[in-house]
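Enquirer: Output the structure for:
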Amino acid sequence: MDKKLKRENKDTVIIEAVAPKDEIEKVMKDAAERQPDADEAKIRETALQFEAMQLIQEAVTEEGLKLAAQPEMKFKDEKDGDVLITLTCTLVPDVDLGQYTGMDVLKEEVSVSDEEVLEFVNNEINSKELWEAVDRPAKEHDQVLIDFVGVKDGVPFDGGSAENFPLVLGSHSFIPGFEEQLIGIKKEEQKEINVSFPEDYFEPSLAGAPVVFQITCHAVQEKIEPQLNDAFIEKLGVENAKTVEEFKAAAKHHMHEMKEQEAKNKQALEILDKAVANAKVEVPQVMIDQQVEQELGQLKQQLQQYGMQFEQYLEMAQTTEEEMKKQIEPQAVMQIKQALILIAIAEKEKIEATQEEIAQEYELMADAYRMPKEQLQMFISDDVIRPQIVQRKTLDFLTKNNSK
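Expert: Okay, here's the model as predicted:
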């Protein structure tokens, strides 16, 4: 398609092109084969959007346009069946960098007191559940390691079996009557218990059904009360920390590293804020709206995870969606400016991500997600990884060149 580009203003470019009738019909035919149940209007809309996206890709590649958001698309039918496509493109704004080095921002000195270490250590040991085997019948609040097979009408049922399952008696994690019948069981003892599933059990085939569980007990364990002594610390199995003093030393080192990283992050943010304040950039409203919608979408997802609807949240906060967008907007503008200025500094200082750094990033992510690197690369492309590395390296550059 032959295209015309017209700069509306410094942030906006209008692209016009005519999509020929025969080309549209060809794309519609291909779309109809992929979507046999779609109506003709929907197929035509898909075809026109495809043509528009091709036009956008050409403009980005050939003209070097940097789009701030998805262009606004308009389609106008011509008399001969051709379609005039008009794209209104908002461009990433130019950044006029001010001073971004030599600002001498001080990093806070960090320290960890003995009181902080003691509090941390006590919280750590109180959060651990340790069990040790005992040679006696099980009682309430003991933990038993059991194999069990659930049988209904003489046949084992799905989901009713497990091996070496740790069960705390009195935790009420199994159906009523199950745990109570294990009181008094001993190591290596085998036992059959008879129970009935609740009438409202989620699996209809088991709801209200009487069943038999065949139990083999491998261990009876009692909980070890947390104590700040060498014996308890050794049982925690922490590498290179077998005594209280070694555990405290390891805790202090960990806490110091955490505080040091927090101080570095705070310093980097202060440097970036100064660089933003020294720069000049006008953020287009479309970029702000897009960022606000993204922030709002993340909030809605978080609320869903806690089982709350967005409308309920608005009611509790005594606000409206529009008011919330206005509250989010200043932070959204700052985030956009920070991103734009980091990109501008990276371009000016020729900061790039090497292939070795990208490969290393994939290795780290593969370890974190516990999946093969090759599989991860199918979901996350270099185009996602590269900007993250460049941003990180640019922040490191700013810290190095602005630290006092």
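
Enquirer: Find the residue at the geometric middle of this structure.
Expert: residue 298 (10.1 Å; C-alpha atoms, centre = their mean).

Enquirer: name the element that residue belongs to?
Expert: Using DSSP states H and E, residue 298 maps to helix 285-305.

Enquirer: just for this protein, where's the confidence low?
Expert: Flagging of the chain using pLDDT under 70 yields the residue ranges 1.

Enquirer: Helices of that one, start to end?
Expert: Assignment of helices within the chain using DSSP state H yields the ranges 21-34, 40-63, 114-127, 230-236, 244-278, 285-305, 310-317, 321-349, 355-369, 373-379, 382-400.

Enquirer: how about those helices, which one is nearest residue 149?
Expert: Nearest of these to residue 149, taken as C-beta to C-beta: helix 230-236 at 32.5 Å. Any C-beta I mention is one placed from the backbone N, CA and C, and that applies to glycine too.

Enquirer: returning to that earlier point: distance to residue 211 added to the helices of the chain, as JSON lines?
Expert: JSON lines is the format used below for the helices of the chain (distance: least, C-beta to C-beta, whole Å):
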{"stretch": "helix 21-34", "distance to residue 211": "50"}
{"stretch": "helix 40-63", "distance to residue 211": "52"}
{"stretch": "helix 114-127", "distance to residue 211": "36"}
{"stretch": "helix 230-236", "distance to residue 211": "38"}
{"stretch": "helix 244-278", "distance to residue 211": "46"}
{"stretch": "helix 285-305", "distance to residue 211": "34"}
{"stretch": "helix 310-317", "distance to residue 211": "40"}
{"stretch": "helix 321-349", "distance to residue 211": "51"}
{"stretch": "helix 355-369", "distance to residue 211": "39"}
{"stretch": "helix 373-379", "distance to residue 211": "41"}
{"stretch": "helix 382-400", "distance to residue 211": "50"}
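
Enquirer: looking at those helices, which is closest to residue 197?
Expert: helix 285-305 (29.8 Å).

Enquirer: so that closest one versus helix 321-349, what angle?
Expert: Angle, helix 285-305 to helix 321-349, by axes from the mean of the first three to the mean of the last three C-alpha atoms, to 10 degrees: 120 degrees.

Enquirer: Give the buried residues for helix 285-305.
Expert: Under the neighbour-count criterion of 16 or more other C-beta atoms under 10 Å, helix 285-305 has 286-288, 290-292, 295-296 buried.

Enquirer: Report the separation between residue 178 and residue 169.
Expert: 10 Å (C-beta to C-beta, to the nearest Å).

Enquirer: These two - which one has more neighbours?
Expert: residue 169 (23 against 20; other C-beta atoms under 10 Å).

Enquirer: To residue 152, which of the helices of the chain lies closest?
Expert: helix 285-305 (35.6 Å).

Enquirer: That closest one packs against which elements?
Expert: Applying 3 or more C-beta pairs under 8 Å, 6 or more residues apart in numbering; DSSP states H and E, one finds that helix 285-305 contacts helix 310-317, helix 321-349.

Enquirer: so what does the longest one touch, helix or strand wise?
Expert: When you say that, I think you mean helix 321-349. Against helix 321-349 (3+ C-beta pairs under 8 Å, 6+ apart) you get helix 244-278, helix 285-305, helix 310-317, helix 382-400.

Enquirer: of all the helices of the chain, which lies closest to residue 82?
Expert: helix 21-34 (5.3 Å).

Enquirer: Give me the residues contacting the closest one.
Expert: If you take C-beta atoms under 8 Å, 6 or more residues apart in numbering as the criterion, helix 21-34 is touched by 1, 38, 40, 43-44, 46-48, 50-51, 80-83.
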